[in-house]
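**Q** give me coordinates for this.
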Amino acid sequence: MRNTILEILRAGRDQYISGEEIADKLGVSRTAVWKHIKEMRAQGYDIESHARSGYRLRETPDALLAGEIRHGLKTKIIGQEIICHEEIDSTNNEAKRLARQGAKEGTVVVAESQTGGKGRLERQFFSPQGKGIWFSVILRPRFLPQDAPKCTLMAAVAVARAMMEFGLQPGIKWPNDLLYDNKKLVGILTEMSAEMDGINYIVIGTGINVNIEPSDFPEDIREVATSLSIMKGEALPRVSFFQSVLQALDDLYVRVQCEGFAPVLEEWRKYNITLGQEVKVIGVRDGEVYTGKAVDIDEDGALLVDTSKGRQRVLAGDVSIRPQRGKW
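**A** Numbers count the residues shown, from 1 in each chain. Sure thing, here's the model as predicted:
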C-alpha cells in the first residue's frame, strides 16, 4: 500500500493531495493513510502535510527501497520483484533460499548492509551500511549448466555499462573484478543449482562499493579496495546507479537468451584490463603457479595465457596483473 501512496504523491507533481482523496483511491480510512505516511517519513521520505490541503512529496531518500528502485525501471525480467533488507547475512544466501522455494526469475534481493558477504574464493566482502549496493539476482535460464560461469562476465559488463553512463571509465580484471587504480570496486559471485541437462537456478551476487570513504575501509583491505565516489571525486546517487545496473543486466540477459554469450564476451573484451598484460596465475584446484601473457578469452570465458611451456587455459584461478616495474 505504501508504494501505491508513493505513486499517488509522485503523480501530484509537488501539489498537495488530500488524505481523503488518497483514502478513497485505496479504499481505506484516512487514519490508515496517515499511519503509512508516518512510516514512509521514518524511511526518509520528506512528505509535507497541511491540515486543509493534505500531503505533498518534497524529496525522496537515496535509499535502497523497492518503491524507489522500481520507479522508472523499464526492465523485462530483472527487478519485477524486489525484496529489500536493512541488514542481512548475505543476499546470495537469501536469494538461494527463495529460489529453492520457487521465487520467479528476475527476483532481486538487495540489502543496505551484509554481515557475511563473500566473493570468489570464499573471500569476505566488506558491506557497510548505506554506502554500497549489495544485491543478488535469481535467474532460471534455458542454456546449459556449462554456460553458467559466463554469467559472472555478463554481470561485470552490466556494471561497466552503468559506470560509463555515470562518466566513469570501467576496467574489468578477469574474470569479473572491476578495478580503479589497481584497487577493487566491485565483486561478483555466481552460484548455481543444476542437474546434468538443465539449470534449476542461478544466483548472481554483486557487491558495488559506491560511496565508501578511504577511512571507512578496514586497515587490512584499505590498500586493495576503493569506491566509485573516490574514483569520481563525489558521491553518486545509489538508486539511480542501481537502476542503470539492473537495466544493463536485463538487456544483456535478454540478448543472451536469444543469441548466446558471444556478444557479452566481445563487450567484456572492450572493458578488460587483463588481455595483453603479463599475469601471474595461481590454480584453484592444484595450487600451481605460473606466469605468462594473457592473450584472450575463449568461447567459454576461459582466460588464455601464453607461458614458456605453451598456452594455458584458465577456467578458475587467482590471476594478478604483473606490475610494469618491480616484483609481484
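**Q** host element of A63?
**A** If you go by DSSP states H and E, A63 is not part of any helix or strand.
**Q** look up phi and psi at it.
**A** When read as degrees, to the nearest 10, the backbone of A63 gives phi -120, psi 150.
**Q** ok, it to G292 distance?
**A** 46 Å (Cβ to Cβ, to the nearest Å). Backbone N, C-alpha and C define where each C-beta goes, glycine included.
**Q** name the residue most distant from the centre of this protein?
**A** Largest separation from the mean C-alpha position in the chain: R52, at 43.5 Å (Cα atoms, centre = their mean).
**Q** T31 in helix, strand or coil?
**A** Put simply, T31 is helix when judged by DSSP: H, G, I helix; E, B strand; the rest coil.
**Q** got it, and V305?
**A** strand.
**Q** quick one: contacts for the most centrally placed residue in the chain?
**A** The residue lying closest to the centre of the chain (Cα atoms, centre = their mean) is T206, at 4.1 Å. Applying Cβ atoms under 8 Å, 6 or more residues apart in numbering to T206 gives the contacts 133-137, 155, 159, 186-188, 245.
**Q** same thing with I172?
**A** When contacts are counted by Cβ under 8 Å, 6+ apart, I172 touches 156-157, 160, 178-179, 268, 271-274.
**Q** which parts of the stretch 51-200 of the chain are strands?
**A** Along the stretch 51-200 of the chain, the segments classed as strands by DSSP state E, counting those that start in this stretch run 54-59, 82-85, 108-111, 132-139, 172-173, 177-180, 183-195, 198-209.
**Q** what does the next helix-or-strand element following the last one contact?
**A** Once the chain leaves strand 198-209, the next helix or strand it forms, by DSSP H and E, is helix 228-232. Residues lying outside helix 228-232 but in contact with it, judged by Cβ under 8 Å, 6+ apart, are 163, 166-168, 180-181, 185, 208-214, 235-236, 241.
**Q** if we can go back for a sec, state the pLDDT value of the residue farthest from the centre of the chain.
**A** pLDDT recorded at R52 is 82.
**Q** how close does it sit to Y16?
**A** For R52, the distance to Y16 - Cβ to Cβ - is 9 Å.
**Q** try S136
**A** Noted for S136: a distance of 40 Å to Y16, by Cβ to Cβ.
**Q** looking at the two, which is more packed in?
**A** Counted by other Cβ atoms under 10 Å, S136 and Y16 do not tie: S136 has more neighbours, with 29 against 16.
**Q** what bridges to that one?
**A** Going by DSSP bridges, S136 is paired in beta bridges with V109, G205.
**Q** quickly note the distance from it to K293.
**A** Per Cβ to Cβ, S136 is found 35 Å from K293.
**Q** what about A63 and G292, which has more around it?
**A** Neighbours were counted for A63 and for G292 using other Cβ under 10 Å; G292 has more, 20 against 17.
**Q** okay, the nearest residue to that one once chain neighbours are set aside and G276: tell me how far apart.
**A** Of all residues not flanking G292 in the chain, T307 sits nearest, at 3.5 Å (Cβ to Cβ, 6 or more residues apart in numbering). Per Cβ to Cβ, T307 is found 15 Å from G276.
**Q** same question for Q80.
**A** 40 Å.
**Q** next one: the lengthiest helix in the chain to chain centre, how far?
**A** Assignment by DSSP state H gives helix 238-259 as the longest helix of the chain. In this view, helix 238-259 has its centroid 10 Å away from the chain centroid, taken as Cα atoms, centre = their mean, to the nearest Å.
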